[in-house]
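*Asks:* Need a 3D model of the following:
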Amino acid sequence: MSFVLDPVTLTNLIFCIGIVIISCWWQNRSGSLTPLYIGLAFGLFAVSHTATLLGLQNQLQLFLIVDRITAYILVFVGLFFIAREVITRKGAEEDLRKNHEELNTAYEQLTFQEDRLIDSFEELQKSAKAATESRNFLENIINTLADPVFVKDHNYRWILLNDAFSHLMGEKREALLGKSDYDFFVKEEADVFRKQDTIVFESGLKNINKERLTDSSGRTHTIITSKTVYTDTEKNSFIVGVIKDITEKEIVETALRQSEELYRSLYHDNPSMFFTLDLEGRVISVNQFGADQLGYPVEELTGQSILRIISTDDQPVVIEQIKTCLSSPGKVLNSQMRKIKKDGTIIWVEESARIIRGNEGSFQVLLVCQDITERKQAENIS
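*Replies:* Numbers count the residues shown, from 1 in each chain. Purely as a prediction, here's the structure:
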């Protein structure tokens, strides 16, 4: 046994170890089984690279073949779970889009409701005799609204609240009326609310602001507050505010963003060549490692036929492989073929192909390739 210093193999080993570490961290953070498959696969790749560096590839040839086949199977299992998570994420994005549309509709309704509230205030000022009845009517209206509603006087004290606002605060209505933000919120939050209230009073313009609100239980909410100034016939000014709690929406958006970043990292930073093709065999995407291995910029390969980088003798194999993938969805096809680098150099790859669904639901062909040129050369020598 002698150590063979091969920079490429050593680099692959280092990257494999790095991916194993990242996979362990990912599994610990997410609790998902997906990183276990990825980490175990690249751990097996690391064993293979270690054997090569130690000059044991000939003595352990059969073991290394089984090792790599097992690793590729684990990679595909991991990719399957990643693809499933991506599909689930797309469903969540669609739900998020619908929620966004509902939020826009809610804002339109809020504007309409604010107009109704202002109209109701004007009715309250017409007759002292009808004031109590009008106030009760107004309270009944705003209590039917799902979003928190409040009214503040010029001293920044709440004079009218609906049930939804009391629920958001975690306090009874009686405990809130006549009080200000500084009686319930930490100074930092209360300062923000007071600043926005002052802007509305001084400008007379509608104000919409994204803010943080901590309720009585200590839970922090992310809210969007819409405030309008109302001036009665006696020139008294009031702030009419409507709150939209978007806490859950932000949690979903953060989870989706993290999932997308993780997927991109696994795809683009993977030390294997990844290609996605349309059903005509054109390259939809290629990871940076794959492009570098072939000596192309990513942009030059995107949109080109995959046959451009396939040896003429192996092109029928690729065409038949795509047809078989289409006729057998879910089946993984393995083959060996020659690819042509930009400088004309021929490399042997071990390629696995299967059908997946793209971001828009269309079918795509996923190719995962591993450079086996050294192995082929060793086989020819033996």
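*Asks:* which helix is the longest one in this protein?
*Replies:* helix 61-126 (DSSP state H).
*Asks:* And that one, how far out from the chain middle?
*Replies:* Distance, stretch centre to chain centre, for helix 61-126: 8 Å (CA atoms, centre = their mean, to the nearest Å).
*Asks:* go on, stretch 18-31?
*Replies:* Per CA atoms, centre = their mean, the centroid offset for stretch 18-31 relative to its chain is 18 Å.
*Asks:* got it, and stretch 356-373?
*Replies:* 20 Å.
*Asks:* about what we covered before: give the other helices and strands that the longest helix of the chain contacts.
*Replies:* Helices and strands touching helix 61-126, by 3 or more CB pairs under 8 Å, 6 or more residues apart in numbering; DSSP states H and E, are helix 34-53, helix 131-143, strand 149-152, strand 220-231, strand 237-245, helix 247-268, strand 346-357, strand 363-371. The way it works is simple: take the backbone N, C-alpha and C, and place the C-beta from them, glycine included.
*Asks:* Now mean pLDDT and distance to Thr302 too, for the ones you listed, in JSON lines please.
*Replies:* Shown next, in JSON lines, are the helices and strands packed on helix 61-126 (pLDDT from 0 to 100; distance: least, CB to CB, whole Å):
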{"stretch": "helix 34-53", "mean pLDDT": "78", "distance to Thr302": "25"}
{"stretch": "helix 131-143", "mean pLDDT": "72", "distance to Thr302": "55"}
{"stretch": "strand 149-152", "mean pLDDT": "94", "distance to Thr302": "52"}
{"stretch": "strand 220-231", "mean pLDDT": "92", "distance to Thr302": "38"}
{"stretch": "strand 237-245", "mean pLDDT": "93", "distance to Thr302": "41"}
{"stretch": "helix 247-268", "mean pLDDT": "70", "distance to Thr302": "13"}
{"stretch": "strand 346-357", "mean pLDDT": "92", "distance to Thr302": "18"}
{"stretch": "strand 363-371", "mean pLDDT": "92", "distance to Thr302": "13"}
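*Asks:* export stretch 41-53 as CSV, just CAs?
*Replies:* Extracted in CSV, the C-alpha atoms of stretch 41-53 (Å, rounded to 0.1, in the frame of the first residue of the first chain):
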residue,chain,number,x,y,z
ALA,A,41,-23.7,8.5,0.0
PHE,A,42,-20.8,11.0,0.1
GLY,A,43,-19.3,9.1,3.0
LEU,A,44,-19.1,6.0,0.7
PHE,A,45,-17.7,8.2,-2.1
ALA,A,46,-15.0,9.4,0.5
VAL,A,47,-14.2,5.7,1.2
SER,A,48,-13.7,5.1,-2.5
HIS,A,49,-11.5,8.2,-2.9
THR,A,50,-9.5,7.2,0.2
ALA,A,51,-8.8,3.8,-1.3
THR,A,52,-7.7,5.4,-4.6
LEU,A,53,-5.3,7.7,-2.7
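*Asks:* now the helices and strands packed on helix 61-126 as JSON lines including mean neighbour count and distance to Glu300?
*Replies:* Listed next are the helices and strands packed on helix 61-126 as JSON lines, based on neighbours: other CB atoms under 10 Å; distance: least, CB to CB, whole Å:
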{"stretch": "helix 34-53", "mean neighbour count": "22", "distance to Glu300": "28"}
{"stretch": "helix 131-143", "mean neighbour count": "15", "distance to Glu300": "61"}
{"stretch": "strand 149-152", "mean neighbour count": "22", "distance to Glu300": "58"}
{"stretch": "strand 220-231", "mean neighbour count": "18", "distance to Glu300": "44"}
{"stretch": "strand 237-245", "mean neighbour count": "20", "distance to Glu300": "47"}
{"stretch": "helix 247-268", "mean neighbour count": "14", "distance to Glu300": "16"}
{"stretch": "strand 346-357", "mean neighbour count": "19", "distance to Glu300": "17"}
{"stretch": "strand 363-371", "mean neighbour count": "20", "distance to Glu300": "17"}
